[in-house]
Each structure stands twice: as C-alpha cells, then as structure tokens.
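**Student:** 3D model of this:
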Amino acid sequence: MKKDDPRKPARNPAEVAKVGREEEKKRYGAQKHPIAKAGMKYVKMVDQWFKKGEAALRDKEEEILAQVKLGVAGVKEEVASLTDVVEILRGDQREIYVKLMRGLDTHDEVEAASEFPKDSDGSVKVALIAMDRSIAAWLRLKEFFPDKTDSILTMLVHLDRLRRAAEKQFPSARSFVRPLSDTGESPK
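**Tutor:** The predicted model follows:
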C-alpha cells in the first residue's frame, strides 16, 4: 500500500466534496456561456449537414469513380482534396467545442505566475486554428457541391460568428505561443 506524500497536505472529505461542487458549478457555468452554446450548436449542425448530405457525398463519390475509370486527368487530386476536406470538418467539429470549453472553464483561474501566458488562451488558440481550417474546408466543399451553397453559407456564417466571439472573449489567444507548434522549440 502506498503511503501519502508527506509534502502534500491531507484533505478531508468535506474539503474534497466542496472543491468538487465548485468545479461542477464552474463547468456548468461554462456550458451555459454563449460561446459554449454556439460551439455545441456547430457540432450538431455539422452532424446534421453530413447526415442530410450523405446521399450527395455518395453521388459525388460515384461521379469521381466514373471519371477515374474514364481516365480523366486530375481526378485523383480531386478525390484526395474532397477526402481531406471531409476529414478536416469531421475532425475539427468536436475539437472546436472541447477547446472552447477548456478555455471557458479555465478562463478565470489565476495562473501560477503572471509571467506565463494563460492556459485558457492556449486552448482557445487551438479552437481558433481549427475554426480557420474549417472555414477554409467549407469554402472548398462549396466548390464540390455548388447546389449546397446555401447550407454551406449557413455553416460559414455560424462558424465566423463563433470565431469572432471567441476572439473578443479571449483577445490574447491568437498571440499565444505554443511550444513546438509555434516556435519549433521545446519548453524550458
């Protein structure tokens, strides 16, 4: 059996329960924030768009496969591009929400030392990058599905509003420097 670390103060069950309730209250508050609600709405909108567009995606796949059989030039690049676009949209849809929630959840926390950037800004920067990537992917998808322009524009407007709200709430997020990702250097 492992003994308690003597350097850590012992916590009594009432104190642990109180901290748990405070964390739960903070998380609930973050979930009710307009940015969190808009992030979750985006997740649902993407799911709905792909569910409704499943037939169109299948039709586009059949069209591209027919072009491949005919030896049409540039089709392999088109397939790769469409696959990349779908992977970006599906991969980033939930990450945007999760990173925004983490930013909202940790936004009011006092950082260990004021000389360090806020963790919340780092989380939101990741969400902003995912939003930028997703906006570019929706614009590319619009080229594949011009008949879906209205529904794609709805996604773009929602995502742009979410991005602007996040930038307003977290004005330092874009300037947050992520070790390795932004500098190529390991943290010291």
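
**Student:** Which strands and helices lie in contact with the longest helix belonging to the chain?
**Tutor:** Ranked by residue count under DSSP state H, the longest helix found in the chain is helix 75-106. Under the contact criterion of 3 or more C-beta pairs under 8 Å, 6 or more residues apart in numbering; DSSP states H and E, helix 75-106 touches helix 13-32, helix 34-52, helix 54-70, helix 119-144, helix 149-169. The C-beta positions use only the backbone N, C-alpha and C, and glycine is treated the same way.

**Student:** now that helix against helix 149-169, angle please.
**Tutor:** Angle between the axes of helix 75-106 and helix 149-169 is 40 degrees (criterion: axes from the mean of the first three to the mean of the last three C-alpha atoms, to 10 degrees).

**Student:** quick one on the thing from earlier: need the helices and strands packed on helix 75-106 in JSON lines (columns: mean pLDDT and mean neighbour count).
**Tutor:** Putting the helices and strands packed on helix 75-106 into JSON lines (pLDDT from 0 to 100; neighbours: other C-beta atoms under 10 Å) gives the following:
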{"stretch": "helix 13-32", "mean pLDDT": "64", "mean neighbour count": "11"}
{"stretch": "helix 34-52", "mean pLDDT": "95", "mean neighbour count": "16"}
{"stretch": "helix 54-70", "mean pLDDT": "73", "mean neighbour count": "12"}
{"stretch": "helix 119-144", "mean pLDDT": "94", "mean neighbour count": "20"}
{"stretch": "helix 149-169", "mean pLDDT": "97", "mean neighbour count": "16"}
